[in-house]
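> turn this into a structure:
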Amino acid sequence: MHTHKILIATALSVGLLASPKVTQAQTFITPFAGATFGADAPANKFSTGVALAFMGKAAGFELELGYTPDFFNKSQSVVLIGSNNVTSVMGNLLVGVGKGPVRPYGTVGVGLLRSSVNSGSTLFTDVSSNDWGFNAGFGVIALLSDHVGVRGDGRYFRSLQDSDPGGSLNLGVGNFDFWRAYGGLVIKF
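Just a heads-up that it's a prediction; the model follows:
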């Protein structure tokens, strides 16, 4: 008899917690396109990616993947840089305002900044770097219907470096940084 009461209480609790009124979390997936610019971005470069966000009434979490091919400029006279790119994989905290169809938000997060440069000549070696990094920015999600909308976002990215290569983890601000602005189609689940 005691086991049945526990099972019923557990089932009611799970049902209550799973109800839309309690959770009120929204899931958004946003394929995006935009451009990198400023700081270490030698010129405006086309960038693409995808963001998966889980938003409650005021805060949420986001996983974001961005990719910028040909990030670093190639020399016009002598080809010293061959193919190159920058990839970002970030986990972000989102803090939003409002719960209507238009939701401005701020974001901050950490993750991986990977830069890869393949040499355009036999004189130099290829260079790839996997660094911790952080990003911060702002944006807005505007729903046009119950399940489709648009999103605009601007973010600053900067690498972090291990300032104590002797073994202990002691992260400091790195030298590699850039901005990215994008727009995308939002699909709400």
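
> check which helix or strand covers the residue positioned nearest the centre of the chain.
The centre of the chain sits closest to E64, judged by C-alpha atoms, centre = their mean, with a distance of 3.0 Å. For E64, the element it lies in under DSSP states H and E is strand 59-69.

> buried residues in the helix or strand following that strand?
Using DSSP H and E, the helix or strand that follows strand 59-69 in sequence is strand 81-96. By 16 or more other C-beta atoms under 10 Å, the buried positions in strand 81-96 come out as 81, 84-88, 90, 92, 94, 96. Every residue, glycine included, has its C-beta placed from N, CA and C.

> give the buried residues for the strand holding E64.
Going by 16+ other C-beta under 10 Å, strand 59-69 has these buried residues: 60, 62, 64, 66-68.

> could you report the pLDDT at G106?
Here, the pLDDT recorded for G106 equals 97.

> and D40, by the same measure?
For D40, pLDDT reads 77.

> do the same with T27
So T27 comes in at 94 (pLDDT).

> shouldn't it be in contact with A51?
No. The pair T27 / A51 is not scored as a contact, 11.3 Å apart, by C-beta atoms under 8 Å.

> between those two, which one's more packed in?
A51 (24 against 12; other C-beta atoms under 10 Å).

> that older thread, okay, the buried residues of strand 81-96 in JSON lines with distance to W132 and pLDDT next?
Below are the buried residues of strand 81-96 laid out as JSON lines (distance: C-beta to C-beta, whole Å; pLDDT from 0 to 100):
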{"residue": "I81", "distance to W132": "24", "pLDDT": "54"}
{"residue": "N84", "distance to W132": "20", "pLDDT": "83"}
{"residue": "N85", "distance to W132": "18", "pLDDT": "84"}
{"residue": "V86", "distance to W132": "14", "pLDDT": "88"}
{"residue": "T87", "distance to W132": "14", "pLDDT": "93"}
{"residue": "S88", "distance to W132": "11", "pLDDT": "93"}
{"residue": "M90", "distance to W132": "10", "pLDDT": "96"}
{"residue": "N92", "distance to W132": "14", "pLDDT": "97"}
{"residue": "L94", "distance to W132": "20", "pLDDT": "95"}
{"residue": "G96", "distance to W132": "26", "pLDDT": "88"}
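
> TSV please, covering those residues and showing distance to A39.
What follows is the buried residues of strand 81-96, written out as TSV (distance: C-beta to C-beta, whole Å):
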residue	distance to A39
I81	18
N84	16
N85	17
V86	12
T87	17
S88	14
M90	17
N92	19
L94	23
G96	27
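
> now the strands: where do they sit in the chain?
26-37, 45-55, 59-69, 81-96, 102-119, 127-143, 148-162, 171-188 (DSSP state E).

> could you count how many residues lie near the residue nearest to A25 when sequence neighbours are not counted?
Counting by C-beta to C-beta, 6 or more residues apart in numbering, G56 is the residue found nearest to A25 once chain neighbours are left out, at 5.1 Å. For G56, the tally of surrounding residues (other C-beta under 10 Å) stands at 14.
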